[in-house]
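**Q** how would this look folded up:
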Amino acid sequence: MTEDHHTHTSHHDNHSNPFVIPFIFILVFAIIELYGGVWTKSLALLGDARHMFSDVFALGLAMFAAHRVGKAKASNRRSRAELVASILNAALMLFVTVWIILEAVERLKNPHSVAGIYVMLIAFIGLVVNLIVAKQLHAHEGEKGLNHQAALLHAMGDVLGSVAALASGAVVYFTGWLPIDPILSLLISLLLLIGTFGLIKNIWQTLTGKSVHSHHHDHQH
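**A** All right, here's what the predicted structure looks like:
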């Protein structure tokens, strides 16, 4: 992989949208993973690809909201786009998590095999991509709002998903113990639910105006 840590430090204009690069990364990888899942007939990869496509949608929403907020700021208006996008993303996260739980329960009842090495290879590439995306989102913590928190939650879900696919692929490959896959899925669902409820709490506080108005006084360089 090419080292492009320094690519983005040079052009940091006011209109740079922190979600553009993560969006492109996730979109490209989701397509690769979908093909990988079809090719290896792996339900784990297909499930992860579906999750990735939900994150493409989540990052697209966050990107659009950031664009709207940027335009509103330029003309000194307030935009509700960020709040609306984070509510939609929280709802999407709940939906995805419930789906993972239902699938995991079904797979505990009827375990099926995970195609070892290829799944682990694609999951490893996925982990690298997702870590880059999470790091990219983390780098923009300065403008952290609900929009950001929602996008980061989806990215963290992807990182955990890739780790689980890797771990279950390895366990099944070396020991043949199939229930590891749904068990890890359930554990991740639990972590994601905790994160999602944290986000919902913040959204609720913003909606009811209970949050301390710490709207940072635009730190212009």
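**Q** Y173 is in contact with I117, correct?
**A** Yes: with contact defined as Cβ atoms under 8 Å, I117 counts as touching Y173 (7.0 Å). The C-beta positions use only the backbone N, C-alpha and C, and glycine is treated the same way.
**Q** what about the two, which has more around it?
**A** Set side by side, I117 and Y173 show more neighbours around Y173, with 15 against 11, by other Cβ atoms under 10 Å.
**Q** Low-confidence stretches in this structure?
**A** Residues of the chain meeting the criterion pLDDT under 70: 1-15, 43-44, 113-116, 140-144, 210-221.
**Q** The biggest helix by length in the chain - contacts with which helices or strands?
**A** Longest helix in the chain, counting residues (DSSP state H): helix 43-74. Secondary-structure packing of helix 43-74 (3 or more Cβ pairs under 8 Å, 6 or more residues apart in numbering; DSSP states H and E): helix 20-40, helix 81-109, helix 116-139, helix 146-175.
**Q** Just name the most buried of those helices.
**A** helix 146-175 (a mean of 22; mean count of other Cβ atoms under 10 Å).
**Q** right, and the helix or strand after that one?
**A** Counting by DSSP states H and E, the next helix or strand C-terminal to helix 146-175 is helix 180-208.
**Q** list the buried ones in that following helix?
**A** 180-186, 188-189, 192-193, 195-196, 199-200, 202-203, 206 (16 or more other Cβ atoms under 10 Å).
**Q** what's in contact with stretch 153-164?
**A** Stretch 153-164 is contacted from outside by 22, 26, 48, 51-52, 54-55, 58-59, 89, 92-93, 96, 123-124, 126-127, 130-131, 133-134, 137, 181, 184-185, 187-188, 191-192, 195-196, 199, using Cβ atoms under 8 Å, 6 or more residues apart in numbering.
**Q** again, but for stretch 62-80
**A** 14-15, 17-20, 23, 81-82, 84-86, 89, 147-148, 150-151.
**Q** Could you check how far it is from the centre of its chain?
**A** Centroid separation for stretch 62-80 versus its chain: 22 Å, with Cα atoms, centre = their mean, to the nearest Å.
**Q** Buried residues in that stretch, which are they?
**A** Of the residues in stretch 62-80, those buried (16+ other Cβ under 10 Å) are A62, M63, F64, A65, A66, H67, R68, V69, S79.
**Q** The third one and F19, how far apart?
**A** For F64, the distance to F19 under the criterion Cβ to Cβ, to the nearest Å works out to 9 Å.
**Q** The last one now?
**A** When Cβ to Cβ is the yardstick, S79 and F19 sit 15 Å from each other.
**Q** Same question for the second one.
**A** When Cβ to Cβ is the yardstick, M63 and F19 sit 4 Å from each other.
**Q** Check T196 too.
**A** From T196 to F19 the distance is 19 Å (Cβ to Cβ).
**Q** Good, we can wrap up now.
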